[in-house]
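>>> Generate coordinates for the sequence data below:
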Amino acid sequence: MKKFFLILAVFAMIFSSQVFAEDNENKEPEPYEKTEFPTWLLNLRRTEIVTLGSVPFTTLAVSLTYSTFQYATGRTSSFPSPFNKNANYSQDDIKMIVGFSLGISFVIGIVDLVINLVKQKKQKKIQQKILHESNNITIIPTVEYVPGGQHPTVSEQIQDTEEK
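Okay, the predicted model is just below:
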């Protein structure tokens, strides 16, 4: 009896998955548009990526610095490798290394955020300046070509148009 229900359950799962399966044709994911996310959210995401991406490098740098400090002060007789699993790091040493590396990574992320905000503000000022200057269009009259004759100066052309 258990075998029957087991077989029935297997068939039900197999056939129900075919019944409710979606048509995967023409289901290409649409790329994100530039205006789909607000700027602050894009800046926050970039800061997160930079911060978390720098963690391995800062952890390596902090552990190498700490090992060098231990060796230079005479706490260890040999230079401890940060890649050695049997390194003589205590729990407090490990907490300190991870804490410093997370702190430095956070500072790197914040510095990157500030740099990007300054760049965006500068770019926005440039765009506003260009937009403001494009509203102040000045028209400079050109010299008309007179075949086989003298070309009138700009001031003569302006006087001619004022007389008319």
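
>>> Quick check: mean pLDDT of stretch 131-142?
Mean pLDDT, stretch 131-142: 69.

>>> my bad, should have said stretch 12-25
65.

>>> now do stretch 103-120
96.

>>> Next: stretch 73-91.
pLDDT averaged over stretch 73-91 gives 78.

>>> So which bits of it are buried?
80, 82, 89 (16 or more other Cβ atoms under 10 Å). Using the backbone N, CA and C atoms, a C-beta is placed for each residue, glycine as well.

>>> Now flag whichever of those is closest to residue 59.
residue 82 (8.3 Å; Cβ to Cβ).

>>> List the single closest residue to that closest one in space, sequence neighbours excluded.
residue 63 (3.8 Å; Cβ to Cβ, 6 or more residues apart in numbering).

>>> Quick test: name the residue nearest the centre of this structure.
residue 46 (4.0 Å; Cα atoms, centre = their mean).

>>> So it, which state does it fall into?
Per DSSP: H, G, I helix; E, B strand; the rest coil, the local secondary structure of residue 46 is helix.

>>> same question, the one 3 residues further on
Reduced to three states with three-state DSSP, the structure at residue 49 is helix.

>>> Same check on the one 5 residues further on?
Secondary structure, three-state DSSP: residue 54 is helix.

>>> name the element the closest residue to the residue nearest to the centre of the chain other than its chain neighbours belongs to?
Nearest non-adjacent residue to residue 46, counting by Cβ to Cβ, 6+ apart: residue 116, 6.7 Å away. Applying DSSP states H and E as the criterion places residue 116 in helix 91-135.

>>> Does that helix pack against any helices or strands, and if so which?
helix 39-73 (3 or more Cβ pairs under 8 Å, 6 or more residues apart in numbering; DSSP states H and E).

>>> between the helix it packs on and helix 91-135, how big is the angle?
140 degrees (axes from the mean of the first three to the mean of the last three Cα atoms, to 10 degrees).

>>> Report the separation between residue 101 and residue 34.
34 Å (Cβ to Cβ, to the nearest Å).

>>> Contacts only, for the nearest residue to residue 59 once chain neighbours are set aside.
Computed as Cβ to Cβ, 6+ apart, the closest residue to residue 59 that is not its neighbour in sequence is residue 101, at 4.0 Å. By Cβ atoms under 8 Å, 6 or more residues apart in numbering, the contact set of residue 101 is 55, 58, 59, 61, 62, 63.
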